[in-house]
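**Q** Sharing a model that was predicted from the sequence below.
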Amino acid sequence: MNPFRTLLVRFRSLFCRDKRQTELTEEIQAHRELRIDELRQTGSSADEARRQARLEFDHMDSAKEAMCSDWLRAPEPDWP
């Protein structure tokens, strides 16, 4: 990747980061809510379903943080 493109990717990431982070948070929340619905349909109480979904999706918060920090890093250049 040429130096100009690398700079452009980093610059764009600074301004798009909040939008991407919000979209990712909303998507994780949607999956969590779907899981709660699935658990409720199999007979779990509302509290138990929320607790179980939270346990299943807790690791997603650390994954989300890792992804967000990667967005600020531009790919390494192709040249040696």
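**A** It's in. Numbers count the residues shown, from 1 in each chain.
**Q** how about stretch 53-60: buried residues?
**A** Neighbour counts over stretch 53-60 (16 or more other Cβ atoms under 10 Å) mark A53, F57, M60 as buried. (Each C-beta comes from the backbone N, C-alpha and C, glycine too.)
**Q** distance between it and the chain's centre?
**A** In terms of Cα atoms, centre = their mean, to the nearest Å, the centre of stretch 53-60 is found 12 Å from the chain centre.
**Q** that older thread, quick one: mark the members of the buried residues of stretch 53-60 that sit in helices.
**A** A53, F57, M60 (DSSP state H).
**Q** Columns distance to S44 and pLDDT on top of the buried residues of stretch 53-60, output as JSON lines?
**A** As requested, the buried residues of stretch 53-60 are exported to JSON lines (distance: Cβ to Cβ, whole Å; pLDDT from 0 to 100):
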{"residue": "A53", "distance to S44": "10", "pLDDT": "92"}
{"residue": "F57", "distance to S44": "15", "pLDDT": "83"}
{"residue": "M60", "distance to S44": "20", "pLDDT": "78"}
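**Q** Which of these sits closest to T22?
**A** If you rank those by distance to T22 using Cβ to Cβ, M60 comes first, at 14.8 Å.
**Q** Compute the distance between that closest one and Q41, please.
**A** 22 Å (Cβ to Cβ, to the nearest Å).
**Q** just to revisit the earlier point, closest one of the ones in helices among the buried residues of stretch 53-60 to L7?
**A** The closest of these to L7 turns out to be M60 (Cβ to Cβ; 31.1 Å).
**Q** Report the helix or strand with the lowest average pLDDT across this structure.
**A** Among the helical and strand segments of the chain, the one scoring lowest on mean pLDDT, DSSP states H and E is helix 46-72, with a mean of 79.
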